[in-house]
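Curious how this folds, go ahead:
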Amino acid sequence: MKWHSSMGQPCDESVVVSSSPTTPCSPRSAPWILAAAILGSSLAFIDGTVVNLALPALQASLGATATQIQWIVESYALFLSSLMLAGGSLGDIYGRKRVFVTGIVVFTGASMWCGVASSVEVLLIARSLQGVGGALLVPGSLAILGANFGERERGKAIGTWSGFTSITAAAGPVLGGFLIEHATWRWAFFINLPVALAVLAITMRYVPESRNRKIDAPLDWPGAVLASVGLGAIVYALIESTNRSWNDPVLIAVILLGLCALAAFTVVESHSRAPLIPLGLFRSRRFSGVNILTLFLYGALSGLLFFLPLNLIQVQGYTPTSAGAALLPFISLMFVLSRWSGGLVDRYGARRPLIIGPAVVAIGFALFALPGIGGSYWSTYFPAVTLLGFGMAISVAPLTTTVMNSVSGEHTGTVSGINNAISRMAGLLAIAVLGSIMLSGFYSHLKAGLESSGLETSTRIKIASQRERLAAIEIPQDIPPEQRAKVKQTIDESFLAGFRFVAFSACGLALLSVGTTWLFIGDNPRDRSTTSV
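Numbering: from 1, shown residues only. Just a heads-up that it's a prediction; the model follows:
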């Protein structure tokens, strides 16, 4: 790769980007800038995969229900997705390096708090704060790349970022799974600390400050509040719909609150001097299409990967370490192929890789629905994980490059924030929606199985009342061993029934991604927005 450089000294904080997308840096500092972006992003990626692995142990330790473990993931995702827009804009206004470092500090402190939490309630508060930190650091990592690499070099830089981020994310689940299995679930959060210290040291030494000097207005805090309230209300309604009827006045009121807040957000953005989402950006057909694609594709991925560790550990009998290792083919393919796929847009345009990649992903999702209980990993989940990794490797770098190249360079922080927010919002909504689908499929199968089990009515009611715990249902001790084994099999089969609904739903979302590319994204890789925002 040819690094963008023309100076003989490392960048320092006296080098400030104005409205130009890039500032020259020395060959010595350029790899360190890329390393800072990789490690910073890895904090959020590692957290997502390792926390999912910790959910079964955490559920047993804190006695959490399925709704509560959803919120352990969703509380983080809610603040991450809704405030990431603010994080991207803060970087453009006050300095990308400054906001990036602040995010790392907040994220690290919240990770320590998560690790010492003694109840689900405390953990939820700490996870929310962790989401705030993530909202500052995640868009900053890509914005720093956009500010330091020219458009010709950016695709390969993003491909390298994507590949090495995958490697760091690979080590996280395996090491985290080992620590969860042999020590405690709390290591799912403590594992972030050494990575955070490393990225802080590199960033402070090598990363130059950059900002968009064209922005002369304060951050749009009303927009940030309205986005958080709107998303939070809708996600709350989706998750609580498993416990309440859709005719429930509380649920109706919450949905109306969410819709009104999002409508108000749109009005505020259209009149703000420095909006979180410059609505003019969406006049670019390419920019709009690639963000819709992101919503579908990352929603499918997040929804399935939320339930997969529960399936592997609680139903298939994997240890946390082996469950983490089960995703290694996915991550390895992302690493090996991401640098190559980063150049696909320059060679073939965005359209072909963003059709082929999601189509392969859809096949991978469908394969997750095939395995029953037991069987060798190599004949059950390995084919699905491999195809999923291959499809995502084709998709991720071209998708990210297309987003970053679709608008003018001074908006790199804002564009990164929007696309990252949409990808996280996709996961937020998908886990809530697919969680409802999962619980519905699980309970339907469980109810039928219990009715034909021959158990006493009181015992069936006792088991069914725990349905929110999914495969972690505690079977009453007074049931004879033979019947206990049958009840356990019924519970496991019920979980698989719900999981299959999730897998096929994810497949459908991936196919919608293909259709979005077909309709919105043309072949010209340099099709840029000419909109003035």
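
quick one: low-confidence ranges for the stretch 201-350 of the chain?
211-217, 274 (pLDDT under 70).

Now with 50, please.
For the stretch 201-350 of the chain, not a single residue meets the criterion pLDDT under 50.

Tell me which stretches of it form strands.
With DSSP state E, counting those that start in this stretch as the criterion, the stretch 201-350 of the chain has no strands.

tell me the helices in it, going along the chain?
221-240, 249-271, 285-310, 320-325, 328-342, 344-348 (DSSP state H, counting those that start in this stretch).

One more: the stretch 51-200 of the chain?
66-94, 96-116, 120-148, 151-182, 187-190, 192-206.

Show me the protein divided up by domain.
Annotated domains of the chain cover 30-220+272-442+496-520, 221-271 [automatic domain parsing].

if you compare the ones you listed, which one is most tucked away?
A comparison of those by mean neighbour count, using mean count of other CB atoms under 10 Å, puts domain 30-220+272-442+496-520 on top with a mean of 22. C-beta: built from backbone N, CA, C; applies to glycine.

what about that one, start to end distance?
34 Å (CA to CA, to the nearest Å).

and if you look at stretch 302-320?
First-to-last distance for stretch 302-320 - CA to CA - comes to 19 Å.

and the angle from the host helix or strand of M425 to helix 66-94?
For M425, the element it lies in under DSSP states H and E is helix 412-451. Helix 412-451 and helix 66-94 meet at an angle of 180 degrees, taking axes from the mean of the first three to the mean of the last three CA atoms, to 10 degrees as the criterion.

by contact count, what packs against the helix or strand just after helix 412-451?
Scanning forward in sequence from helix 412-451 by DSSP H and E, the next helix or strand is helix 457-464. In terms of contacts (3 or more CB pairs under 8 Å, 6 or more residues apart in numbering; DSSP states H and E), helix 457-464 is packed against helix 412-451.

what about the helix it packs on, distance to the chain center?
Chain-centre distance of helix 412-451: 11 Å, with CA atoms, centre = their mean, to the nearest Å.

same question for that helix, mean pLDDT?
Averaged over helix 412-451, pLDDT sits at 83.

Next up, phi/psi of the closest residue to I473 other than its chain neighbours, please.
In space, and not counting its chain neighbours, I473 is closest to Q466: 4.5 Å by CB to CB, 6 or more residues apart in numbering. Dihedral pair for Q466: phi -100, psi 20, per degrees, to the nearest 10.

And for Q466, the neighbour number?
16 (other CB atoms under 10 Å).

For it, give its distance to S61.
Plainly put, Q466 is 17 Å away from S61 if you go by CB to CB, to the nearest Å.

Same check on G88?
Taken as CB to CB, the span from G88 to S61 is 36 Å.

Would you enumerate the residues in contact with G364?
384-391 (CB atoms under 8 Å, 6 or more residues apart in numbering).

With secondary structure as added columns, please give those in a markdown table.
What follows is those, written out as a markdown table (DSSP: H, G, I helix; E, B strand; the rest coil):
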| residue | secondary structure |
| --- | --- |
| A384 | helix |
| V385 | helix |
| T386 | helix |
| L387 | helix |
| L388 | helix |
| G389 | helix |
| F390 | helix |
| G391 | helix |
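
wait, which of those residues is closest to P320?
Using CB to CB, V385 is the member of the contacts of G364 that sits closest to P320, with 16.6 Å.

circling back to that earlier point, of the helices of the stretch 201-350 of the chain, give the one that comes closest to I437.
helix 285-310 (8.9 Å).

The closest residue to A66 other than its chain neighbours: neighbour count?
Ranked by CB to CB, 6+ apart and with sequence neighbours excluded, the top spatial neighbour of A66 is E468, at 4.5 Å. Residues contacting E468 under the criterion other CB under 10 Å number 19.

and if you look at Q489?
Count around Q489 with other CB under 10 Å applied: 12.

gap between the helix or strand containing it and the chain center?
Taking DSSP H and E as the definition, one finds Q489 inside helix 481-520. Taking CA atoms, centre = their mean, one finds the center of helix 481-520 at 19 Å from the center of the full chain.

Summarise which helices and strands that helix is packed against.
Using 3+ CB pairs under 8 Å, 6+ apart: helix 481-520 touches helix 285-310, helix 353-368, helix 412-451.

Please report the average pLDDT across the second one, rounded to a whole number.
Regarding helix 353-368, the rounded mean pLDDT is 96.

any idea how far it is from the chain center?
That offset, for helix 353-368, works out to 18 Å (CA atoms, centre = their mean).

Would you list the phi and psi of the residue nearest to V116 when sequence neighbours are not counted?
Distances taken as CB to CB, 6+ apart put R186 closest to V116, at 7.2 Å, once the chain neighbours are dropped. Phi and psi for R186, reported as degrees, to the nearest 10, are phi -60, psi -20.

How about the contacts made by R186?
114-116.

With L145 instead?
If you count contacts by CB under 8 Å, 6+ apart, then L145 has 33-34, 37, 154, 157-158, 161 around it.

Reformat the residues you listed as TSV; add distance to I234.
Formatted as TSV, the contacts of L145 follow (distance: CB to CB, whole Å):
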residue	distance to I234
I33	38
L34	37
A37	32
R154	34
A157	36
I158	31
W161	32
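
From what I see, N148 and I33 are in contact.
Yes: using CB atoms under 8 Å, N148 is in contact with I33, at 5.2 Å.

so how far is I373 from the residue lying closest to G449 once chain neighbours are set aside?
Leaving aside its sequence neighbours, G449 sits nearest to T490 (CB to CB, 6+ apart; 3.7 Å). In this view, T490 and I373 are 11 Å apart by CB to CB.

need the contact list for the most centrally placed residue in the chain.
With distances taken as CA atoms, centre = their mean, R424 lies nearest the centre of the chain, 4.8 Å away. Contact analysis of R424 by CB under 8 Å, 6+ apart lists 77, 80-81, 84, 138, 298.

try 6 Å this time
For R424, the contact set (CB atoms under 6 Å, 6 or more residues apart in numbering) comprises 77, 80-81.

now those as a markdown table including pLDDT and distance to S245?
Formatted as a markdown table, the contacts of R424 follow (pLDDT from 0 to 100; distance: CB to CB, whole Å):
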| residue | pLDDT | distance to S245 |
| --- | --- | --- |
| A77 | 81 | 26 |
| L80 | 81 | 30 |
| S81 | 75 | 27 |
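
mind putting these in a markdown table, distance to A233 included?
Converted to a markdown table, those look like this (distance: CB to CB, whole Å):
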| residue | distance to A233 |
| --- | --- |
| A77 | 15 |
| L80 | 17 |
| S81 | 14 |
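
Among those residues, which one sits closest to A263?
S81 (18.2 Å).

Apart from its chain neighbours, what residue comes closest to the closest one?
Per CB to CB, 6+ apart, closest to S81 is R424, 3.7 Å.

Then W113?
A126 (3.9 Å).

What of N52?
P309 is the one closest to N52 (CB to CB, 6+ apart), at 4.8 Å.

In contact with the nearest residue to T67 once chain neighbours are set aside, which residues are there?
Distance criterion CB to CB, 6+ apart; nearest residue to T67, sequence neighbours excluded, is E468 at 5.6 Å. E468 makes contacts with 65-67, as judged by CB under 6 Å, 6+ apart.

mind checking how far the nearest residue to I355 once chain neighbours are set aside is from A300?
Closest residue to I355 apart from its sequence neighbours, by CB to CB, 6+ apart: T517 at 5.0 Å. T517 sits 14 Å away from A300, going by CB to CB.

Quick check: the residue nearest to the centre of the chain vs S82, distance?
Applying CB to CB to R424 and S82 gives a distance of 9 Å.

cool, H182 as well?
36 Å.

neighbours around E456, how many?
E456, neighbours per other CB under 10 Å, totals 12.
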